[in-house]
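> give the three-dimensional model of this entry:
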Amino acid sequence: MTFEGAQKREDTKPGWIIGWLPTRAGFFPKISTRLSRYDILGGWRVRWGFRRMDYQVSPGLYGVGKPDADSPVLVTANYKLSFDSLRKHLEGINAWIIVLDTKGVNVWCSAGKGTFGTEELIGRIKSLNLSSLVRHRTVILPQLAAPGVAAHVVTRATGFKVLYGPVRAVDLPLYLKNGCQADQGMRTVTFTFAERLAVVPVEVMLSWKIALAALVYHLLVQYFSGHLSSWSTVTQFLPYLGAILIGSALIPMLLPWIPGPSLAWKGWLVGIIAALAFSGVNGYPWPVNTAYLLVLPAISAFLAFNFTGCTTYTSLSGVKKEMRIALPLIIVSATLGIIVRFLCIWRTPWQVL
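Numbers count the residues shown, from 1 in each chain. Purely as a prediction, here's the structure:
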């Protein structure tokens with residue numbers, strides 16, 4: 001970019017761009033390492049699932065501090081939450097940041113999808129003319145990007161060696177200080193209670209489709225049983241809300257302590273325990289409780305299975321295997337439960353207020 005072009009973009013640049021860096025390859029944005037209140041609010045917004053796929057930064061080259069030809073080159077995704085996590089830990093460091101076009105998806109997921117991939121990295125290095133910008137021939141990628149990038153292919157195509165940095169951006173300053181050497185702690189992928197809790201809001205918000213389907217089913221049951229306008233329309237929807245919260249919130253929080261390797265199994269197990277407890281106290285006829293025992297755990301199992309993309313507990317092959325086995329069982333269980341529940345409506349002795 002020319003200096004004139006940089007000046008034209010000055011009025012439209014986001015607040016985290018605080019200037020322009022002149023180089024032999026043109027002018028590149030200089031970014032702040034401090035998150036503004038808008039950055040923090042934006043992060044909270046996407047964690048609750050609002051416009052997650054729109055939370056992006058433009059792919060390209062950025063700089064922090066006063067980077068020069070010897071400064072390290074870090075690579076990240078154009079999901080702004082990933083971008084912000086990186087830059088806020090680079091206070092006092094001079095570095096270049098290459099932002100790949102991952103379609104607004106975080107590093108780990110985009111590596112699995114292939115958007116944080118070999119061809120994208122090669123194309124970005126070439127289009128930025130990186131070899132004329134820095135004297136060294138090394139780019140540093142997040143460790144979680146490794147599944148999507150063939151390092152030897154990148155080196156053969158661009159001449160740049162690929163190093164995999166630490167799992168967490170917070171460890172980058174020490175990693176760079178140690179000459180790009182990572183200790184065991186930097187390589188260890190954790191999934192602590194706090195880390196699991198951080199993904200609960202978005203999981204809860206993304207369950208709205210299941211909640212809507214459950215509400216439609218519940219209203220139909222109430223309508224055909226003649227109780228749509230009664231207070232039971234509200235109270236009898238609570239078990240479905242409970243199943244949704246079990247699958248989208250309780251399972252993530254209690255993940256390591258629930259037995260079994262399968263997320264769908266974990267969701268079903270906790271769901272069936274809760275459904276049995278509910279059946280033991282509600283006083284409904286056994287056919288109606290049978291319907292609950294078929295539907296409620298199926299909801300919990302499906303939502304827990306949906307959590308697969310957030311966890312380190314399941315491999316890609318494990319996910320595929322679980323899809324082949326669990327999804328058909330979930331569908332069959334829910335379908336049978338719905339059939340049984342409507343049969344209860346048509347048999348007067350089984351009707352429930």
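> hmm, Ala194 and Pro252 touching each other?
No: in this structure, Pro252 is not within contact of Ala194 by Cβ atoms under 8 Å, at 11.6 Å. (C-beta placed from N, C-alpha, C; glycine too.)
> looking at these two, which has the bigger crowd around it?
A count of neighbours by other Cβ atoms under 10 Å puts Pro252 above the other of Pro252 and Ala194, at 25 against 8.
> leaving out the residues flanking it, which one is nearest to that one?
Among residues not flanking Pro252 along the chain, Arg196 sits closest, at 4.8 Å (Cβ to Cβ, 6 or more residues apart in numbering).
> buried stuff in the longest helix anywhere in the chain?
Scanning the chain for the helix with the most residues, using DSSP state H, yields helix 316-346. Within helix 316-346, the residues scored as buried using 16 or more other Cβ atoms under 10 Å are Val319, Glu322, Ala326, Ile330, Ser333, Ala334, Gly337, Ile338, Val340, Arg341, Cys344, Ile345.
> could you do stretch 38-50 as well?
For stretch 38-50, burial by neighbour count (16+ other Cβ under 10 Å) applies to Asp39, Gly42, Val46, Arg47.
> check contacts around Asp68.
Asn94 (Cβ atoms under 8 Å, 6 or more residues apart in numbering).
> one step back: including secondary structure and distance to Thr138, could the buried residues of stretch 38-50 go into CSV?
Shown next, in CSV, are the buried residues of stretch 38-50 (DSSP: H, G, I helix; E, B strand; the rest coil; distance: Cβ to Cβ, whole Å):
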residue, secondary structure, distance to Thr138
Asp39, helix, 29
Gly42, helix, 32
Val46, helix, 32
Arg47, helix, 33
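> all helices for the stretch 151-300 of the chain, in order.
151-158, 172-177, 184-187, 193-205, 208-224, 232-235, 238-245, 251-254, 263-282, 286-306 (DSSP state H, counting those that start in this stretch).
> list the buried residues for stretch 197-212?
By 16+ other Cβ under 10 Å, the buried positions in stretch 197-212 come out as Val199, Val200, Pro201, Val202, Glu203, Val204, Leu206, Ser207, Ile210, Ala211.
> the helices in the stretch 1-150 of the chain, which residues?
For the stretch 1-150 of the chain, applying DSSP H, counting those that start in this stretch gives helices covering 3-9, 37-47, 80-87, 107-113, 118-127.
> for those helices, which one sits closest to Ser232?
With Cβ to Cβ as the measure, helix 37-47 is the member of those nearest Ser232 (35.3 Å).
> contacts for the closest one?
Applying Cβ under 8 Å, 6+ apart, the set of residues contacting helix 37-47 is 15-16, 35, 51-52, 55, 80-81, 84, 198-199, 201-202.
> do that again at 6 Å, thanks
The contact list for helix 37-47 (Cβ atoms under 6 Å, 6 or more residues apart in numbering) reads Arg52, Tyr55, Leu81, Asp84, Pro201, Val202.
> just want the angle from it to helix 80-87.
Put simply, helix 37-47 runs at 130 degrees to helix 80-87, going by axes from the mean of the first three to the mean of the last three Cα atoms, to 10 degrees.
> how distant is helix 37-47 from the center of its chain?
15 Å (Cα atoms, centre = their mean, to the nearest Å).
> give me the mean pLDDT for that helix.
Mean pLDDT, computed over helix 37-47, is 88.
> stretch 216-231 too?
88.
> tell me the buried residues in it?
Residues Tyr217, His218, Val221, Gln222, Ser225, His227 are the ones in stretch 216-231 that count as buried (16+ other Cβ under 10 Å).
> how close does the fourth one get to Pro297?
This points to Gln222. 22 Å (Cβ to Cβ, to the nearest Å).
> just Gly247 next, same as before
9 Å.
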